[in-house]
Each structure stands twice: as structure tokens, then as C-alpha cells.
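Student: I'd like to go over a predicted model; first the sequence, then the structure.
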Amino acid sequence: MKENREDIELGKFISLILRHSPDTIGITLDAHGWAKIEDLIKGINNAGKRINFETLERIVKENNKQRYSFSDDRTKVRANQGHSIDVDVELAESIPPKHLYHGTSRRFIDSIMDLGIQKQSRQYVHLSMDFDTARSVGERHGKVIVLKINSITMFNNGHKFYLSKNGVWLTDSVPVEYISLQNKDYLELE
Ligand code: HQG
């Protein structure tokens, strides 16, 4: 099912709460990033937006990137990745594919080719499994460019990779020597 507009708006608010600032609605997350569903629903309603358990259930189920998960007992909910706050969402350490992709803005390229890809405000650098996903991530920042990452060599050289429940690859940083900036990518995106 495709998400309706209200659910998309609520989802953005839920991402803000569960990834960056639970204090926006006066709640706290536990060490593993879980919010009590009861607290979340109450907090969102107190902030003037309408949500009940049914709506939350639909958002968790239908979210286009599967951004959230319920605990097994369905009393808690958390974001699967994307946090800036210091929580441990028990990511699975995994062997990456040969290549991964990172979509970013062209205005960041000089700095990236100087310093590598850094996590900035989030806990990890986010990498995508395929070119098109990376392109849409990069488009959020402006005129996009997609970088190809030599992830298996990074892994073989001791860098750890994690795969989130919703299929996003995460790592601490990507040094310049593993990044290729392909002319082909420029051409495809013109
Ligand atoms: C850039 C979304 C200059 C980096 C997406 C990126 C993703 C540098 C920006 C998730 C740099 C940070 C994360 C350097 C990195 N110099 N700029 N050395 N190193 N950057 O939003 O990867 O839809 O924190 O390239 O789908 O864009 O919200 O990271 O452009 O998975 O679920 O600094 O957010 O998920 O931006 O996106 P972000 P991101 P959701």
C-alpha cells in the first residue's frame, strides 16, 4: 500500500523524534533507541498532531523505506537507522558487497575528496546498495553526484560494516582511497 500524505508527514515527525530529538515531545529513548509506544502516541497528540495505535501500526508497516520497527511484544518502537543521538540499535555487523554507493551534492565533492566521507551529525556514514537509491539520497542535498565505494576492499582492510534492518549499509567513515568519482556518473545525471 502506498502511504497517504498525512502518514508521510507524521512519519517525518516520528523520524525526528526517534532519530534526533525525542525531547521535542518530552519523551526519552532507552539505550537501544526504543520509545514506549504509549509515550510516543501521547507525546505526539500533546504536540497537536493526531495519531493512535492503528495509525502508527500503518506507518510502521507501509513506510516507503521501512524506517521503523516494533519490539516483539509491540510495546516499543524505534528507528532502524539514521540516528544522530547516541543509541545502540544492535546493528548486524556484515560483509558488504563488492561495491556500495553514496549519493551526495556536487558542492561537497572537493571536501569529500580531501577528507573522505564523514558521518557528519549522524552515527554512521550511510551507503546504498544501488546507484538509484544513492541518487535519491543525494538529491536531498542539491545537484547530485553518486560516488562508488570499493567496500569489499575496505572490509578486507579492517573497516567494519553494518547492515540495518531496512537494508542501509553503515560504516564509520570512508577514506578517499576507496572512493571513485566516475565520469560516467556525471554523464548519467546531467
Ligand atoms: C556529506 C536518509 C563535505 C554527505 C537517506 C551528505 C540516508 C560531506 C551530508 C540517510 C563530507 C550528510 C543519510 C565531507 C560527508 N565534506 N560533506 N568530508 N562527508 N559529507 O543527511 O548520507 O530518508 O547526514 O555526503 O536515505 O545524505 O531520512 O547523510 O551529503 O540513508 O530515512 O554530508 O538519510 O534516510 O548528510 O543521508 P546526511 P546522507 P531517510
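Tutor: Thanks, I have the structure now. Numbers count the residues shown, from 1 in each chain.
Student: can we go C-alpha only for contacts and neighbour counts from here?
Tutor: Will do.
Student: for the residue positioned nearest the centre of the chain, helix, strand, or coil?
Tutor: Residue closest to the average C-alpha location in the chain (CA atoms, centre = their mean): Gly82, at 3.5 Å. The local conformation at Gly82, judged by DSSP: H, G, I helix; E, B strand; the rest coil, is coil.
Student: OK, contacts around it?
Tutor: By CA atoms under 8 Å, 6 or more residues apart in numbering, the contact set of Gly82 is 19, 122-124, 126.
Student: what would those residues look like in CSV with distance to the ligand?
Tutor: What follows is the contacts of Gly82, written out as CSV (distance: CA to the nearest ligand atom, whole Å):
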residue, distance to the ligand
Arg19, 9
Arg122, 5
Gln123, 9
Tyr124, 8
His126, 5
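Student: export those to a markdown table and tack on distance to Asp39, pLDDT and neighbour count?
Tutor: As requested, the contacts of Gly82 are exported to a markdown table (distance: CA to CA, whole Å; pLDDT from 0 to 100; neighbours: other CA atoms under 10 Å):
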| residue | distance to Asp39 | pLDDT | neighbour count |
| --- | --- | --- | --- |
| Arg19 | 16 | 98 | 22 |
| Arg122 | 24 | 97 | 17 |
| Gln123 | 24 | 97 | 19 |
| Tyr124 | 27 | 98 | 20 |
| His126 | 29 | 98 | 25 |
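Student: could you list every residue that touches Lys36?
Tutor: If a contact means CA under 8 Å, 6+ apart, then Lys36 has 29, 75-77 as its contacts.
Student: Same check on Ser128?
Tutor: Counted by CA under 8 Å, 6+ apart, Ser128 has contacts 100-102, 134, 168-169.
Student: what do you get for Arg67?
Tutor: Per CA under 8 Å, 6+ apart, neighbours of Arg67: 15, 60, 79-81, 166.
Student: ok so, going back, show me which of the contacts of Gly82 is closest to Asp110.
Tutor: Using CA to CA, His126 is the member of the contacts of Gly82 that lies nearest Asp110, at 18.8 Å.
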